[in-house]
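A.B. asks: Sharing a model that was predicted from the sequence below.
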Amino acid sequence: MRLIENFLVVSPFIAFLAYKQLFPAMLILSTITLVISLVNFNSTFNFTIPTPFYRRPYEFAVGFRNTFYLFIMTYSLTFIAISVGNFNLGIFSLLLVFFITLTFYSKPEDLYFVWSFIDSPKGFLMKKIRTGLVYSTMLSTPILIILSIFFFSEIKILLIFQLLGYIYLITIILAKYSAYPNEMSLPQGILFSLSLMLPPALFITIPLFYYQSIKSLTSILK
C-alpha cells in the first residue's frame, strides 16, 4: 500500500522526466521512491530536527521534519542538473520543492489552532498565505539562485515556474480551508488535481476555494 501511495505521488514527475527523456533522473527518482516505501522510518530515538519555521508553527514545522530527506534529494538533483548542464532537470528540482510543500497542507490542524487566531476569515487566510509564501521562498531560493547563476539566460523561465509554484501553494491553502475542519473531499481533490494538469482552471478553482474557505471559517472565527 505504501508503495502504491508513494508512486501515485511521484507519477506526474516520473511522467515528466520520461517525456523529457531524462531516463537516469527517472531511474533515480523511482529507486528512491521504492526505497522509501520499503524502509520503516519509525524509531524510538527522539531527536527534534531544528527548523527556521518556529515563528509560524504547524504546516512547515511539521511538514519539514517529516520530509527533510526529500529536500536533501531535491538539492542533490539541482547539483546533478548543473554538473550535466541539464536545465530541465533543474526546473524539475525547483518544482519538486513546491510539490513537497503542497503536501504540508494535506491534513487539517486541530480546531483550537484556528480558533485561537484573533482575525477575520479573510485576515486568517491572508496570514496563512503570507506564511506559506515566505517559508516556501526560504526552501526554494537556494535552488533558484544556483540555477540563475549557471543558467542565467533562462532566468525568465525560472521566475515563471517560481511564480507558478506560488500560485499552486495559494490554491492548496484555500482548498484546505474550504473543507475545514474536515479533510478535503474527493470533489475538491479532483478540482485541485485538474488545476495542476490544466493551469487555466486556476481562474475557476481559486475563487471557488476562496469563497468556500470564507464560509467554512466564518463559524469558527467569529
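C.D. replies: Arrived safely.
A.B. asks: Check the protein for its longest helix and report it.
C.D. replies: helix 121-150 (DSSP state H).
A.B. asks: Only C-alpha atoms, please: export the helix or strand containing residue 113 in CSV.
C.D. replies: Per DSSP states H and E, residue 113 falls inside helix 111-115. Provided in CSV are the C-alpha atoms of helix 111-115 (Å, rounded to 0.1, in the frame of the first residue of the first chain):
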residue,chain,number,x,y,z
LEU,A,111,-9.7,23.3,15.6
TYR,A,112,-8.0,25.2,18.5
PHE,A,113,-5.1,26.3,16.4
VAL,A,114,-7.5,28.1,14.1
TRP,A,115,-9.9,29.3,16.7
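A.B. asks: what's in contact with it?
C.D. replies: Contacting residues not belonging to helix 111-115 are listed as 58, 124, 180-181, 217, 220-221 [CB atoms under 8 Å, 6 or more residues apart in numbering]. To be clear about C-beta, it is placed using only N, CA and C from the backbone, and glycine gets the same treatment.
A.B. asks: what's the longest helix of the chain packed up against?
C.D. replies: helix 59-84, helix 87-103, helix 155-178, helix 202-218 (3 or more CB pairs under 8 Å, 6 or more residues apart in numbering; DSSP states H and E).
A.B. asks: With respect to burial, which of these scores highest?
C.D. replies: helix 87-103 (a mean of 21; mean count of other CB atoms under 10 Å).
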